[in-house]
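1. Please work out how this folds:
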Amino acid sequence: MPATLAPARTLWPLDERALRTLIDLGRRVLEESELEPVLQRVLAVARELTGARYAALGVLDARRTELERFLTAGIDEDARREIGDLPRGHGVLGEMIREPKPLRLADVGAHVRSYGFPIGHPPMSSFLGVPLIVRGEAWGNLYLTEKEGGEEFTDEDEQAAVMLADWAVIAIGNARRLEEVSSRRDELERTVTAMRATAEISRVLAGETDLEVVLGLIAKRGRALVGARALVIELAVADRLQIAAVAGEVDPALVGRELSIDPTVAGHVLRTRRPQRLTDDVNRARFEESGLGALGLTARAGLFVPLGFRAETPGVLAVFDPLAGAEFTADDERLLSSFATSAASAVVTARSVTVEQLRARELATEQERRRWARELHDETLQGLGALRLGLSTARRTDDPERWRTAVDDAVLQLDTEIANLRGIISDVRPAALDELGVAAALESLVDRMRSRGLDVELALDLDFEAGRSVTRHAEDVETAIYRIVQESLNNVLKHAATDAVVVDVVEAAGTIAVRVTDEGRGFDTASQGTGFGLVGIRERAGLLGGTAEIASVPGQGTTVTARLPVRRRGADQPLRAPDPAADTAAATRSAASSSRT
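-> You can find the predicted model right below:
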């Protein structure tokens with residue numbers, strides 16, 4: 001069992017100078033937060049009070065069987081280099097490890113367990129050693145040798161050494177407590193950092209459904225979180241891995257590149273759902289032969305964590321080369337894993353929204369194709385069929401009058417069909433929107449709606465059209481204004497059971513307000529506010545950073561209000577030439593809605 005040090009003896013009074021020195025040392029012990037300077041001061045005071053030429057302090061290893069560290073005072077650097085390896089605890093020093101109690105010797109070399117001195121070691125005869133006992137266990141020993149004048153160490157020297165050892169023990173205790181406090185503080189800071197990062201990514205990504213934006217934010221935040229030189233996000237796409245986002249010192253051209261899943265580190269992470277490191281030789285081979293290393297990415301250290309959310313693991317987050325240190329720590333791994341869980345939920349959500357949007361757009365596109373097919377079949381095709389029949393009938397007669405009548409009828413029929421086709425083309429992409437601007441396109445749209453029975457009152461106040469600006473609005477802003485009005489008027493025509501509607505488009509204070517109001521039969525927005533036309537209005541406004549509201553009460557009409565931020569076309573942004581097919585996908589929601597729901 002480890003020996004316990006008895007209280008310091010006070011039978012031999014110390015002189016006033018020694019007491020003052022010990023008091024000063026005690027003050028230093030209580031003020032100093034670093035252990036090393038205190039121990040060096042203990043050695044200096046021990047030499048001063050006892051007259052020892054040399055002083056040393058040996059620190060035991062975790063098993064307390066030999067010395068792990070050896071601090072010295074009185075031996076210069078040249079002598080230390082000449083001595084070579086520091087003592088490990090043999091001979092007399094080992095005796096004090098086995099029996100931790102004070103030991104005084106007139107000649108250390110004469111002791112039965114003396115191990116001798118190495119070549120180059122200065123001669124030493126008198127010896128005084130006292131143990132350092134921390135919480136009942138030996139922590140190390142204080143050694144003093146070569147008392148001045150060739151004398152032996154006295155009882156007073158031993159008393160002073162014991163008191164110095166007590167001060168050293170107090171310093172060690174303080175250092176341990178500070179270390180514990182510091183460790184707990186660091187752990188708390190890491191926990192708070194992880195919570196802050198998780199909360200931040202959740203806050204930043206709240207409501208964000210663009211997968212590319214989500215991945216970009218995750219890459220930047222994740223790299224900063226653990227201080228990595230580079231970060232790469234790899235997503236599983238079918239049986240392949242796709243590099244979806246990068247941050248830091250990594251070639252952006254890697255985004256979009258694909259790798260096989262099986263032979264890569266990321267593939268191993270996906271299968272096991274456990275973090276992996278490049279310190280593993282197998283993982284290093286996977287990285288360099290089949291993974292990111294094969295694509296030109298170099299790294300001395302790497303940490304791969306799964307993007308895991310519930311039962312899904314959509315991908316892997318990989319960081320490379322910590323900016324501080326040679327390897328990512330266990331705390332880095334915990335921090336990044338916690339962050340990856342939150343990030344994965346954002347990725348899964350964005351993917352789900354993207355899939356739903358694609359499905360909705362595909363359905364809207366199919367509905368639009370059916371509408372065009374129906375209109376072409378019921379109107380244009382039948383009209384052309386009637387034209388062919390009339391001309392075929394006239395061809396069988398030699399009567400010039402019947403020929404003239406048939407030709408006149410054919411011309412009228414062709415005019416009608418040309419007008420119908422122009423209407424369909426205008427629904428897809430009106431030429432006026434590209435050539436003259438949104439005001440002219442809206443006026444043309446309103447004229448067509450009036451010809452179909454709607455009494456539309458149009459009020460426009462846009463800076464460009466009013467002559468107060470030298471540049472038009474950005475193309476996507478003009479398109480959004482037009483499509484929102486078009487969809488709203490289509491809804492009124494088909495469902496409102498009224499012929500009166502008011503359209504206001506007003507630009508003020510950096511915002512364009514689009515409002516379409518009717519006094520028709522209205523509808524319940526709680527149960528009928530998710531039709532593709534209404535969803536399209538909200539999406540168009542949202543994509544531009546604006547808002548859209550649909551207010552309706554059964555029997556009291558409907559008001560569609562959209563607010564869009566003003567953006568102008570730059571001088572280097574030419575106006576787009578008319579292209580009816582170019583806006584087909586964007587127009588599908590407007591023309592496809594066959595009901596409010």
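
2. which phi and psi does residue 454 have?
-> With angles defined as degrees, to the nearest 10, residue 454 sits at phi -90, psi 140.

3. Would you agree it is in contact with residue 491?
-> No: if you go by CB atoms under 8 Å, residue 454 and residue 491 don't touch, sitting 11.2 Å apart. Placement of C-beta: from N, CA and C, glycine included.

4. now residue 520, what's its secondary structure?
-> coil (DSSP: H, G, I helix; E, B strand; the rest coil).

5. so it sits right up against residue 559, yeah?
-> No: contact criterion CB under 8 Å: residue 520 and residue 559 do not qualify, at 10.9 Å.

6. what about stretch 440-455, distance to the chain center?
-> Remark: stretch 440-455 is offset 49 Å from the chain centroid, using CA atoms, centre = their mean, to the nearest Å.

7. what does that stretch contact?
-> Here stretch 440-455 makes contact (CB atoms under 8 Å, 6 or more residues apart in numbering) with 423, 426, 430, 432-433, 456, 458, 460, 478, 481-482, 485-486, 489, 492-493, 499-501, 503, 505.

8. returning to that earlier point: between residue 454 and residue 491, which one's more packed in?
-> Legend: neighbour count by other CB atoms under 10 Å for residue 454 and residue 491, higher for residue 491 (26 against 18).

9. Quick check: the more buried one is in a helix.
-> Yes: secondary structure of residue 491 (three-state DSSP): part of a helix.

10. where along the stretch 301-450 of the chain do the helices fall?
-> Counting by DSSP state H, counting those that start in this stretch, the stretch 301-450 of the chain has these helices, from start to end: 330-375, 382-395, 400-428, 431-435, 438-451.

11. The first one - what's its average pLDDT?
-> The one in question is helix 330-375. Helix 330-375 shows a mean pLDDT of 71 in the predicted model.

12. So for residue 171, what's the pLDDT?
-> Listed pLDDT for residue 171 reads 75.

13. what does residue 82 give?
-> Reported pLDDT at residue 82 in the predicted model: 65.

14. Now do the same contact list for residue 556.
-> 519, 522.

15. Look at it and give its secondary structure.
-> Secondary structure, three-state DSSP: residue 556 is coil.

16. From residue 524, how far off is it?
-> Taking CB to CB, to the nearest Å as the measure, residue 556 falls 11 Å from residue 524.

17. Could you dump the helices of the stretch 301-450 of the chain into CSV with mean neighbour count and distance to residue 283 added?
-> Shown next, in CSV, are the helices of the stretch 301-450 of the chain (neighbours: other CB atoms under 10 Å; distance: least, CB to CB, whole Å):
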stretch, mean neighbour count, distance to residue 283
helix 330-375, 17, 14
helix 382-395, 13, 69
helix 400-428, 14, 54
helix 431-435, 19, 55
helix 438-451, 19, 57
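
18. got JSON lines for the ones you listed, with distance to residue 474 too?
-> Below are the helices of the stretch 301-450 of the chain laid out as JSON lines (distance: least, CB to CB, whole Å):
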{"stretch": "helix 330-375", "distance to residue 474": "22"}
{"stretch": "helix 382-395", "distance to residue 474": "39"}
{"stretch": "helix 400-428", "distance to residue 474": "21"}
{"stretch": "helix 431-435", "distance to residue 474": "13"}
{"stretch": "helix 438-451", "distance to residue 474": "11"}
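
19. quick one, which of these is nearest to residue 274?
-> Of all the helices of the stretch 301-450 of the chain, it is helix 330-375 that lies closest to residue 274, at 9.5 Å by CB to CB.

20. per-domain residue ranges of this structure.
-> Under the assignment automatic domain parsing, the domains of the chain span 16-180, 204-355, 358-420, 429-592.

21. Of all the ones you listed, which one is nearest residue 187?
-> Between residue 187 and the domains of the chain, the tightest spacing by CB to CB is seen for domain 204-355, at 8.0 Å.

22. before we move on, back to that, nearest to residue 241, of the helices of the stretch 301-450 of the chain?
-> helix 330-375 (14.3 Å).

23. Can you report phi and psi for residue 554?
-> In terms of degrees, to the nearest 10, the main-chain angles of residue 554 are phi -50, psi 130.

24. residues in contact with the spatially closest residue to it that is not a sequence neighbour?
-> Counting by CB to CB, 6 or more residues apart in numbering, residue 522 is the residue found nearest to residue 554 once chain neighbours are left out, at 4.9 Å. Residues near residue 522 by CB under 8 Å, 6+ apart: 496, 552-558.

25. so residue 187 is in which element?
-> Counting by DSSP states H and E, the element that carries residue 187 is helix 155-205.

26. wait, I meant residue 457
-> Residue 457 belongs to strand 455-461 when elements are defined using DSSP H and E.

27. can you give me the angle that strand makes with helix 438-451?
-> Taking axes from the mean of the first three to the mean of the last three CA atoms, to 10 degrees, strand 455-461 and helix 438-451 form an angle of 170 degrees between their directions.

28. For strand 455-461, the averaged confidence score.
-> If you average the pLDDT over strand 455-461, you get 92.

29. What pairs with it, parallel or antiparallel?
-> Using DSSP bridges, strand 455-461 pairs in its sheet with strand 500-508 (parallel).

30. worst average pLDDT in the domains of the chain?
-> Here the lowest mean pLDDT among these goes to domain 358-420, at a mean of 73.

31. tell me the contacts of the closest residue to residue 481 other than its chain neighbours?
-> The shortest distance from residue 481 to any non-neighbouring residue, by CB to CB, 6+ apart, is to residue 438 (5.0 Å). If you count contacts by CB under 8 Å, 6+ apart, residue 438 has them with 462, 465, 473, 478, 481-482, 505.

32. Mind checking which of the residues you listed land in strands?
-> Among those, the members found in strands (DSSP state E) are residue 505.

33. Name the nearest of the contacts of residue 438 relative to residue 387.
-> Minimum distance to residue 387 across those is 33.2 Å, recorded for residue 482 (CB to CB).

34. Hmm, residue 420 is touching residue 382, no?
-> No: at 10.8 Å, residue 420 does not count as touching residue 382 under the criterion of CB under 8 Å.

35. before we move on, back to that, closest one to residue 189 among the domains of the chain?
-> Residue 189 lies closest to domain 204-355 among those, at 9.9 Å (CB to CB).

36. mind checking how far the closest one is from the chain centre?
-> Using CA atoms, centre = their mean, the offset of domain 204-355 from its chain centre is 11 Å.

37. Then stretch 42-55?
-> Stretch 42-55 sits 57 Å away from the centroid of its parent chain (CA atoms, centre = their mean).

38. ok, residues contacting it?
-> Identification of contacts with stretch 42-55 by CB under 8 Å, 6+ apart yields 18, 21-22, 25, 56-57, 71-75, 122, 124, 128, 142-149, 151, 153, 157, 160-161, 164, 167-168, 171.
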